[in-house]
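> can't give you the sequence, but here's the structure:
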Ligand code: WT7
């Protein structure tokens, strides 16, 4: 640490560094550079600042129990309830303030004050109890972006029933796997939802999953999203959401005081093998870290109108669409539709209409906005914006500048935030009122996060050299473990170094002289496309399942699209029929979200002498990038052929 007065982040020599805007800094939640030093000095104890943003039923004394690494326990003797923290405690000061403003695909609007939210969360919690849900029972939620989704999460949290949200776009097969893996006996879903013009039947997917799943469900709750447009019949153990809530309207359910280490939710995500893994988040550490970063990194205040555009079906929506903003007591926007429906100015229209002051989205979305053109944001009054955030993949300096210029009025801080399903909350980012930004670089680790970019031996790499991003000490939002057990948890994430345990993020990275990290992408078999994470093996197994296919390799391209390279059995004519069969197989196995954007048929896949598919090379080809010497391959001659096929197919 130096004494440059910006928290040890001297960027004097870097012309690209953008200082925190002075007027922003004046009002920022974090404006004192000493915060870095304080965390360095105090160690885990400094995280009390995060836990103290919460209301505890029993105050914690111990901050971190690290007696059994890498099984860490945060605030282990404290007790709290997440729903009380997100709802009840705001009633005194702002019960009539809007908590959620929802915009549906057909132009519908619904608003919930904190008092409304309290009433419905309580009624649903009472209803769930009535159906037999007890503390520690896992409830699976399979819902699109409707208010009932955050309400159901909070109702579960209220009675200490961990939720297991499954992204609505995933298939029946994927839902069945997650119900079984989570050992879940309860399901909340809906009749259907709109996709562009069409009404889409979600209930039939859920029914299908119930047939496939090994676990027997005890009860299901069905939200009526489509009204008369889709009539679904309910079985004896299926209950209409509105009827259940009406029957318990006005009842209150005492929030269950949970141990800080008790499970708040499980979230399935892709790992290094084909089977998804159930990431478990504990109540206290998770909520503390999420609340602290919502406040200090996204700078959200109760008087903001804040919008995180991510789907609640993934971790970003959990942490920064639901728990972070509601724990902060702000007004949050929930949008059901897509950014280009009914028009390409939908996002800007919503920002203007709601005077959104803090907006958080992904580089994929920003790239689309750029493609559509600056005239769309420019035709709206976006002067309410005071901070912009981005997450999910690296943002290019060009996209960063475009976002700041055309959405942020030229001067809003643009905070690039790095984190993962497993980290629970933001781990690397600039503090917008303290730390200079460098477009294209995610930034230094947050105070209290010990990020290190290391080589194969675990030694820190020199500035500019690439290595693996690791976290060398625990943090409050960290996963408490995997549903699949300790062994898989250890195997997936942890390395024992000479100086202690290292968490492996799975990302490659470089670090510059100022300690700013640049993320290079995954180094394992995971790809990030469409703001989601897929295991390549899982997708490839589904493709190989299609009749006539022998081998497949899946990569992501620059635009977040899925490109599949496929070889066929002799005698099989690769054509439209096979393309459809492959797309259908992926839709069944994983969901619509996994439909490939391009399928490239090739006689062979490029392989090393040991037989490993050279996915990196295929990725470079898909991205139209230069690639290195291929002479060490077993079959170098196929590379040119694949390249010309890709070019020809545009
Ligand atoms: C992976 C985690 C929680 C965020 C949503 C995705 C990539 C995330 C950044 C960023 C470059 C990023 C990493 C990470 N990633 N943020 N700011 N810059 N890459 O959560 O599905 O768990 O994926 O997303 O590769 O490992 P996830």
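Yes, it's here. What you see is a predicted model, and the numbers here were worked out from it, not measured in a lab.

> rest of the way, CA atoms for contacts and neighbours
OK.

> who's in contact with residue 143?
By Cα atoms under 8 Å, 6 or more residues apart in numbering, the contact list for residue 143 reads 149, 165-168, 188-190, 313.

> of all pairs in the residues you listed, which one is the farthest apart?
By the measure Cα to Cα, these have their two most distant members at 190 and 313, which lie 14.2 Å apart.

> neighbour count: those two, which is higher?
Neighbours were counted for residue 190 and for residue 313 using other Cα atoms under 10 Å; residue 190 has more, 28 against 22.

> now the phi/psi pair for that one, please.
Here the main-chain torsion angles of residue 190 (degrees, to the nearest 10) amount to phi -140, psi 170.

> for the stretch 501-650 of the chain, what spans make up the helices?
536-544, 576-589, 615-622, 637-648 (DSSP state H, counting those that start in this stretch).

> the ligand: which of those is closest?
Each of the helices of the stretch 501-650 of the chain was checked against the ligand via Cα to the nearest ligand atom, and the shortest separation belongs to helix 536-544, namely 13.6 Å.

> any buried residues in the closest one, and which?
When neighbours are counted by 16 or more other Cα atoms under 10 Å, the buried residues of helix 536-544 are found to be 536-544.

> and those as CSV, adding pLDDT and distance to the ligand?
Written out in CSV, the entries for the buried residues of helix 536-544 read as follows (pLDDT from 0 to 100; distance: Cα to the nearest ligand atom, whole Å):
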residue, pLDDT, distance to the ligand
536, 90, 14
537, 87, 16
538, 88, 15
539, 92, 16
540, 92, 19
541, 90, 20
542, 93, 20
543, 95, 22
544, 93, 24
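
> and of those, the nearest to residue 556?
Closest to residue 556, out of all of the buried residues of helix 536-544 and judged by Cα to Cα, is residue 536, at 9.6 Å.

> circling back to that earlier point, between the contacts of residue 143, which is closest to the ligand?
Taking Cα to the nearest ligand atom as the measure, residue 313 is the one of the contacts of residue 143 closest to the ligand, at 10.7 Å.

> how many neighbours does the residue nearest to that closest one when sequence neighbours are not counted have?
Excluding its sequence neighbours, the residue lying closest to residue 313 (Cα to Cα, 6 or more residues apart in numbering) is residue 167, at 4.1 Å. Taking other Cα under 10 Å as the neighbour definition, residue 167 ends up with a count of 22.

> try residue 425
For residue 425, the neighbour count with other Cα under 10 Å is 30.

> who are the packing partners of the lengthiest helix in the chain?
Assignment by DSSP state H gives helix 114-130 as the longest helix of the chain. When contacts are defined as 3 or more Cα pairs under 8 Å, 6 or more residues apart in numbering; DSSP states H and E, helix 114-130 packs onto helix 91-94, strand 98-103, helix 148-158, helix 241-247.

> now render those as CSV, adding mean pLDDT.
Written out in CSV, the entries for the helices and strands packed on helix 114-130 read as follows (pLDDT from 0 to 100):
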stretch, mean pLDDT
helix 91-94, 97
strand 98-103, 98
helix 148-158, 99
helix 241-247, 98
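
> just name the most buried of those.
helix 148-158 (a mean of 26; mean count of other Cα atoms under 10 Å).

> just checking, what packs against that helix?
Counting contacts by 3+ Cα pairs under 8 Å, 6+ apart, the secondary-structure elements packed against helix 148-158 are helix 82-86, helix 114-130, strand 139-141, strand 163-165.

> how far off centre is the longest helix of the chain?
26 Å (Cα atoms, centre = their mean, to the nearest Å).

> what sits up against it?
Residues from elsewhere that reach helix 114-130, judged by Cα under 8 Å, 6+ apart: 87-88, 90-91, 94-99, 151-152, 154-156, 158-159, 244-253.

> one more time with 7 Å
87-88, 91, 95-99, 151, 154-156, 158-159, 244-245, 248-253 (Cα atoms under 7 Å, 6 or more residues apart in numbering).

> for stretch 518-527, same thing?
Counting by Cα under 7 Å, 6+ apart, 270-272, 394, 441-442, 506-511, 533-536, 555-556 sit against stretch 518-527.

> quickly check: that stretch near the ligand or not.
Yes: among the residues of stretch 518-527, 519, 521-522 lie within reach of the ligand under Cα under 6 Å from any ligand atom.

> ranking those residues by neighbours, who comes first?
Scoring the residues of stretch 518-527 next to the ligand on neighbours with other Cα under 10 Å, the highest-scoring entry is residue 519 at 23 neighbours.

> distance check, that residue against residue 417.
From residue 519 over to residue 417 the distance is 11 Å, taken as Cα to Cα, to the nearest Å.

> then residue 147?
26 Å.

> what about the two, which has more around it?
Regarding residue 147 and residue 417, a neighbour count based on other Cα under 10 Å identifies residue 417 as having more, with 28 against 21.

> show me the contacts for that one.
Contact partners of residue 417, counting by Cα under 7 Å, 6+ apart, are 390-391, 426, 428-429, 442.

> quick one, phi/psi of the closest residue to it other than its chain neighbours?
Spatial nearest neighbour of residue 417, chain neighbours left out: residue 429 (4.7 Å); criterion: Cα to Cα, 6+ apart. When quoted as degrees, to the nearest 10, the phi and psi of residue 429 stand at phi 180, psi 160.

> need the residues of the protein near the ligand, please.
When proximity is defined as Cα under 6 Å from any ligand atom, the chain approaches the ligand at 315-316, 391-394, 416-421, 442, 505, 507, 519, 521-522, 532-533.

> filter those residues down to the buried ones.
The neighbour-count test (16+ other Cα under 10 Å) marks 315-316, 391-394, 416-421, 442, 505, 507, 519, 521-522, 533 as buried among the residues of the chain next to the ligand.

> circling back: dump the residues of stretch 518-527 next to the ligand into a markdown table; add distance to residue 405 and pLDDT as well.
Compiled in a markdown table, these are given as follows (distance: Cα to Cα, whole Å; pLDDT from 0 to 100):
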| residue | distance to residue 405 | pLDDT |
| --- | --- | --- |
| 519 | 23 | 95 |
| 521 | 26 | 87 |
| 522 | 30 | 88 |
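
> narrow these to those in strands?
Judged by DSSP state E, strands contain the following of the residues of stretch 518-527 next to the ligand: 519, 521-522.

> what is the burial count for residue 545?
16.

> phi and psi next, for it.
In this entry, residue 545 is assigned phi and psi values of phi -70, psi -20 (degrees, to the nearest 10).

> so how far is residue 209 from it?
Per Cα to Cα, residue 545 is found 20 Å from residue 209.

> do residue 163 as well
In this structure, residue 163 and residue 209 are 18 Å apart, going by Cα to Cα.

> same check, this time on residue 402
Plainly put, residue 402 is 43 Å away from residue 209 if you go by Cα to Cα.

> show me where the stretch 151-300 of the chain has helices.
With DSSP H, counting those that start in this stretch as the definition, the stretch 151-300 of the chain shows helices at residue ranges 172-182, 203-212, 241-247, 283-296.

> output the below-cut-off pLDDT ranges for the chain.
Confidence mapping of the chain against pLDDT under 70 gives the ranges 1-10, 12-13, 272-274, 650.

> residues near the residue lying closest to residue 605 once chain neighbours are set aside, how many?
Here the nearest residue to residue 605 in space, its sequence neighbours aside, is residue 613; by Cα to Cα, 6+ apart that works out to 6.7 Å. As a burial measure, the neighbour count of residue 613 was computed by other Cα under 10 Å and equals 16.
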